[in-house]
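> Any chance you can model this:
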Amino acid sequence: MISRVTDLGTERLKKLASNNNWQKIAKTAALETISEIVASNKPDSNVLQGVAALEYLEKIIPSVEAAILSRHSAYSDLRWLWYLRRIPRELLTGSLRTTFPYDLALAETISWQMPKAKIGSHLNQLHYPVDEHVFRHLCRFVGRVKMLSDLHGTYRSVGKGATFKIESGIPVPNTEKNVDEAIQIYDFRHETTQGGLGAGLGLSPLEADYSRLKELNEKDDLHFVLTPSCSPVLVPVTYPDDKGKIVEAEVDAQYFMSIVEIEKVLDPYQDQLEIEPNYLQEIVPIFQFQYMLFILIANIPWAIGSMLKQGYFLTKIDIARNLFDHHLPKINSILGQWLKASLLCDTFDAWLEAASLIVPKTWPLKSGGFVGIYNEAYVLFNTASATNAMFGRMEVDKSLSILGNKRGSHFESQCQEIINNSIWIPGSEIAAMRGRTLRRNGRAVTDIDAIGTKGKTLLLISCKSVVYDSDYDLGKYSTIRNVQSTIDIAVEYWLNLIDSLKANPVGENFDFSDFDRIYGVVCTPFAVYSDSEQTLSFVDDGLRACLSSSELETWLAT
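This is a model prediction of the structure:
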């Protein structure tokens, strides 16, 4: 019978959470901190909106972060990581599904700035005390982190038109109903469609494929492995017992392994570019690590269990150095198909130096710090942070027109592929309309970016490859408004065009008269914020006038 690995720290924290009023402890600490900071930084008005609201938040957000660091730096970076990766999920959950991963990443990013840890001589016995005093300290830390997260959320809302007021020493929402409803719609859509890799590139999300792990074998040992978080699930692994013997066991996995096609990451627009995207240079060490990961876990018996359970693992630095130095040449031969040789580290020490430069940022939130050296003898590989760091840094430079043209063209192809993989795949005659300039009375009518049919219904799609970059994630007012303006104008134009095609379905080089219904929508890589009734409207049941590619895929399957 396979035994189940029980982590005593995790179990003790669960018990303490059930026996203590942790909500009260967390809330008290949060209110105490924000009240002190607001009292020291009184705004000119109790009701804040627009630029004044953003400037005020930009002033107090760093103060809250500094307060958290000053009040909780008695624990080391590794000690905080140890607690946070074992924390009961209810301490960090919220009304949205995205709250837990965001607040956990924010807490880890802050804790990364704590003093460096010293660890004992037995890396398999790494543990920290868990008692009521520790738990209360953890609750206060969580409360303050969630207050900081709420301020981040308030900043995003202000960028979308929200206002807030200072009430009893803390910022509280004070937003008009229509804007508040639009923000709620956006939040719901964002949490249900967010995920994968691609929105920062202006593309449909690239989903990892965990099923391909079944195909791995010893002769094919180089794979680009990601370790995103997941809902807890029991997974069989090899794991060291109390005596250090490696046995088969089950762990309550919080993270899972998945495979992605490296060419879709390094050559996202499926076309060799004349210019190298700037994001590639920053995260080359992550690419190398994601290839090394399968090799590391294949050679370090306890790594797989620790990685799936806690999202990190420790090993001796000499073991890591030998594995990196042996396998990097082969890995670099793969990456060299897309990257300049000068960007690739060819030794562990060179890689470690480069990887250490990828540090986390709290605002806009970006993971990092995925490798750490302790006692000059051990190295910690934070696999979850490495995956998040890559996802957060895959961001295209919008100012480069050549990339804009490439991403626009490839996003159109992605949307058509989504249609072609559904029952809406068009016949050859209608499919030939895609990309064609439709003409009527000697004048151009439009180009069709993606097209689908189902019975007597025609679906015409206008694709807009907008980018979910750091400014959009931050909630920068000008960025939010510029994207909304682009989409609102596109929706108005497209719906008017569809009305025209309904009234006059025949032209010089097209004939849509056989269709009883013609639907037209604008598709984007992610759910875009808008408070326009027209943009938020539905042209059919579940089919918004503007929808993300994930929402399109879901609707096509209904």
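
> host element of residue 254?
Using DSSP states H and E, residue 254 sits in strand 246-255.

> May I see the buried residues of the helix or strand where residue 183 lies?
Secondary-structure assignment from DSSP H and E places residue 183 in helix 177-193. Neighbour-count burial for helix 177-193 flags 180, 182-183, 185-187, 189-190, 192-193 (criterion: 16 or more other C-beta atoms under 10 Å). All C-beta atoms are positioned from the backbone trio N, CA, C, and that covers glycine.

> rewinding a little: the strand holding residue 254 pairs with which strands, parallel or anti?
Partner strands for strand 246-255, per DSSP bridges, with pairing direction: strand 3-4 (parallel), strand 229-240 (antiparallel).

> tell me how far the last one is from the chain's mean position?
It stands for strand 229-240. 22 Å (C-alpha atoms, centre = their mean, to the nearest Å).

> Pass me the low-pLDDT residue ranges in the chain, would you?
When residues are selected by pLDDT under 70, those of the chain lie in 1-5, 120-125, 194-197, 206-222, 238-247, 272-276.

> residue farthest from the centroid of it?
Relative to the centre of the chain, the most outlying C-alpha is that of residue 441, 47.6 Å out, by C-alpha atoms, centre = their mean.

> quick one: which of the buried residues of helix 177-193 is nearest residue 364?
residue 190 (14.9 Å; C-beta to C-beta).

> what's near enough to touch the closest one?
Listed by C-beta atoms under 8 Å, 6 or more residues apart in numbering, the contact partners of residue 190 are 98, 526-527.

> can you rerun that using 10 Å?
Applying C-beta atoms under 10 Å, 6 or more residues apart in numbering, one finds that residue 190 lies in contact with 96-98, 468, 526-529, 548.

> Please identify which pair of those lies farthest apart.
97 and 528 (19.2 Å).

> More neighbours: these two, which one.
The residue with more neighbours, out of residue 97 and residue 528, is residue 528; 25 against 14, by other C-beta atoms under 10 Å.

> what element comes up after the strand holding residue 254 heading to the C-terminus?
strand 258-259.

> Point out the other helices and strands that that next one packs with.
Counting contacts by 3 or more C-beta pairs under 10 Å, 6 or more residues apart in numbering; DSSP states H and E, strand 258-259 is packed against strand 225-226.

> buried sites along stretch 487-502?
487-488, 490-491, 494-495, 497-498, 501.

> what does stretch 157-167 give?
Residues 157-166 are the ones in stretch 157-167 that count as buried (16+ other C-beta under 10 Å).

> ok, now stretch 329-347?
Buried residues in stretch 329-347 (16+ other C-beta under 10 Å): 331-332, 334-335, 338-339, 343-345.

> Run through who's touching it.
Against stretch 329-347 from outside (C-beta under 10 Å, 6+ apart): 221-222, 224, 262-263, 265-267, 272-273, 276, 280-282, 284-285, 287-292, 295, 321, 324-325, 328, 350-355.

> just to revisit the earlier point, farthest-separated two in the buried residues of stretch 329-347?
Going by C-beta to C-beta, the pair spanning those furthest: 338 and 345, at 15.6 Å.

> coming back round to it: phi, psi of the residue farthest from the centre of the chain?
phi 50, psi 40 (degrees, to the nearest 10).

> dump the residue contacts of it.
Shown in contact with residue 441 (C-beta under 10 Å, 6+ apart): 504, 507-508.

> Out of those residues, which is nearest to residue 255?
Within those, the smallest distance to residue 255 is 53.6 Å, found for residue 507 (C-beta to C-beta).

> where's the closest residue to the closest one other than its chain neighbours relative to residue 323, distance?
Distance criterion C-beta to C-beta, 6 or more residues apart in numbering; nearest residue to residue 507, sequence neighbours excluded, is residue 440 at 3.7 Å. Residue 440 sits 65 Å away from residue 323, going by C-beta to C-beta, to the nearest Å.
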